[in-house]
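*Asks:* A structural model of the following input is requested.
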Amino acid sequence: MMPAGGRTITELVGNTPLLRIRLFEEQYPEVEVYAKAEWFNPGGSVKDRAALAMVEDGEQRGLLTKDRIIVDSTSGNTGIAYALVGAAKGYRVRLVMPSNVSEERKQLVQAYGAEVVFSDGMEGSDGAIRLVRELIAADPECYFYPDQYNNPANALAHYNGTGPEILRQTMGRVTHFVAGLGTTGSFVGTARRLKEHDSSIRTIAVEPDDPFHGLEGLKHLPSSIVPGLWRPELADEVWGAPTEPAYDLARRLARSEGILVGHSCGAVLWAIEKLAATIERGVVVTIFPDSGDRYLSTGLYRRA
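*Replies:* Numbers count the residues shown, from 1 in each chain. Okay, the predicted model is just below:
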């Protein structure tokens, strides 16, 4: 029975739906494709899982108290999630974001009351990481720094949540897992849990194919500060996705199935199409980190 006061917003994090994706079904009828619809989280993205886990871990370890400000670097979604969790729990939040992230993301973090410090957009997420470290060095007692790229609680949120959900929702039938690399937490935590269940499950990590890409939320690891969370041994393969074909697939999905997704979802769709061409049959699961509605200003869905 639901308590008289109802549920808190943070209790709605996780247990997202698994959607059947039919984009490649005609060409590859024996390959079933499913995606975790992570925009059903209250903050609108997969990062709600990690942000809540990192904040609650900080609380439990006594590192986060009401007199400290939550601070981290973010390209957008984790920042939105921190801002939501901070507002729900009564913490101040200060975020360092590249200046060229989408306008929707900037407005969302500010809507939840977070303070935003902008880093050089040309330096991407690495520039934001360097700037947040400078802020903390100048006043270390002021902040709680979850450090999303290196905090084990990030990956554990997926080991304990996303992975078991996929196994339950597919009734253990999953044969392939495909996901993009940003902090790498969602890939690492989910892949580890799936591999423990069945070591034959093939895991494919997806990154941009070029350092100067247009896939918001993803990192080109060879040219970036590599997250401490990254465990390359959990990836059977790492594939580089091209930007324009990823955009095209995101648009196709919206127009053919009514599923509006972001840039990184297009990248994993590119990888799934490539995978489907090499396997006769299988049950492929991916993570769609967010919806396309927070990328409208980038032109992703603008008609030519």
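*Asks:* Does anything pack onto the helix-or-strand element of the chain with minimal mean pLDDT? Which helices or strands?
*Replies:* When each helix and strand of the chain is scored by mean pLDDT, DSSP states H and E, helix 103-111 comes last, with a mean of 89. Packing contacts for helix 103-111, counted by 3 or more C-beta pairs under 8 Å, 6 or more residues apart in numbering; DSSP states H and E, involve helix 77-89, strand 93-98, strand 115-119. In short, each C-beta sits where N, CA and C put it, glycine included.
*Asks:* Which elements pack onto the longest one?
*Replies:* In terms of contact count using 3+ C-beta pairs under 8 Å, 6+ apart, helix 77-89 is assigned the packing partners helix 47-60, strand 69-73, strand 93-98, helix 103-111.
*Asks:* again, only this time at 6 Å
*Replies:* If you count contacts as 3 or more C-beta pairs under 6 Å, 6 or more residues apart in numbering; DSSP states H and E, helix 77-89 packs onto helix 47-60, strand 93-98, helix 103-111.
*Asks:* now the last one: how far from the chain's centre is it?
*Replies:* Centroid displacement of helix 103-111 relative to its chain, using C-alpha atoms, centre = their mean, to the nearest Å, is 17 Å.
*Asks:* Can you list the buried residues in that helix?
*Replies:* Residues Glu104, Arg105, Lys106, Leu108, Val109 are the ones in helix 103-111 that count as buried (16 or more other C-beta atoms under 10 Å).
*Asks:* same question, the first one
*Replies:* By 16+ other C-beta under 10 Å, the buried positions in helix 47-60 come out as Lys47, Asp48, Arg49, Ala50, Ala51, Leu52, Ala53, Met54, Val55, Glu56, Asp57, Gly58.
*Asks:* residue contacts, the nearest residue to Gly86 once chain neighbours are set aside?
*Replies:* Counting by C-beta to C-beta, 6 or more residues apart in numbering, Gly86 lies nearest to Val93, which is 3.9 Å off, once chain neighbours are set aside. Neighbouring residues of Val93 by C-beta atoms under 6 Å, 6 or more residues apart in numbering: Ile70, Tyr82, Ala83, Gly86, Ala114.
*Asks:* Turn the helices and strands packed on helix 103-111 into TSV, columns for distance to Arg302 and mean pLDDT.
*Replies:* Output for those, formatted as TSV (distance: least, C-beta to C-beta, whole Å; pLDDT from 0 to 100):
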stretch	distance to Arg302	mean pLDDT
helix 77-89	21	96
strand 93-98	21	94
strand 115-119	24	94
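*Asks:* Quick one: closest of the helices and strands packed on helix 77-89 to Ala155.
*Replies:* helix 47-60 (8.2 Å; C-beta to C-beta).
*Asks:* Any chance you could list what contacts the closest one?
*Replies:* Under the criterion C-beta under 6 Å, 6+ apart, residues 10, 13-14, 41, 64, 77-78, 81-82, 85, 144, 146, 151, 153-154, 157, 161, 185 lie in contact with helix 47-60.
*Asks:* In strands, which of those residues fall?
*Replies:* Phe144 (DSSP state E).
*Asks:* follow-up on the earlier one: ok, the buried residues of helix 47-60 vs Gly240, which is closest?
*Replies:* Looking across these and measuring by C-beta to C-beta, the closest to Gly240 is Lys47, at 22.8 Å.
*Asks:* what about that closest one, distance to Arg105?
*Replies:* Applying C-beta to C-beta, to the nearest Å, the value for Lys47 to Arg105 is 11 Å.
*Asks:* go on, Ala128?
*Replies:* Here Ala128 is placed at a distance of 12 Å from Arg105 (C-beta to C-beta).
*Asks:* how about the helices in the chain?
*Replies:* 47-60, 77-89, 103-111, 124-138, 152-157, 163-169, 185-197, 243-257, 263-276 (DSSP state H).
*Asks:* Next up, the contacts around Leu167.
*Replies:* Contacts of Leu167 by C-beta under 6 Å, 6+ apart are His197.
*Asks:* change it to 8 Å
*Replies:* Counting by C-beta atoms under 8 Å, 6 or more residues apart in numbering, Leu167 touches Val174, Arg193, Leu194, His197.
*Asks:* what's the answer for Ser75, then?
*Replies:* Neighbouring residues of Ser75 by C-beta under 8 Å, 6+ apart: Met97, Pro98, Val101, Arg105, Gly124, Ser125, Ala128, Gly182, Glu216, Gly217.
*Asks:* mind redoing it with 6 Å?
*Replies:* So Ser75 contacts Val101, Ser125, Gly217 (C-beta under 6 Å, 6+ apart).
*Asks:* hang on, the earlier thing: may I see the helices of the chain organised as a markdown table, with distance to Val283 added?
*Replies:* Shown next, in a markdown table, are the helices of the chain (distance: least, C-beta to C-beta, whole Å):
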| stretch | distance to Val283 |
| --- | --- |
| helix 47-60 | 22 |
| helix 77-89 | 27 |
| helix 103-111 | 33 |
| helix 124-138 | 32 |
| helix 152-157 | 23 |
| helix 163-169 | 10 |
| helix 185-197 | 12 |
| helix 243-257 | 18 |
| helix 263-276 | 12 |
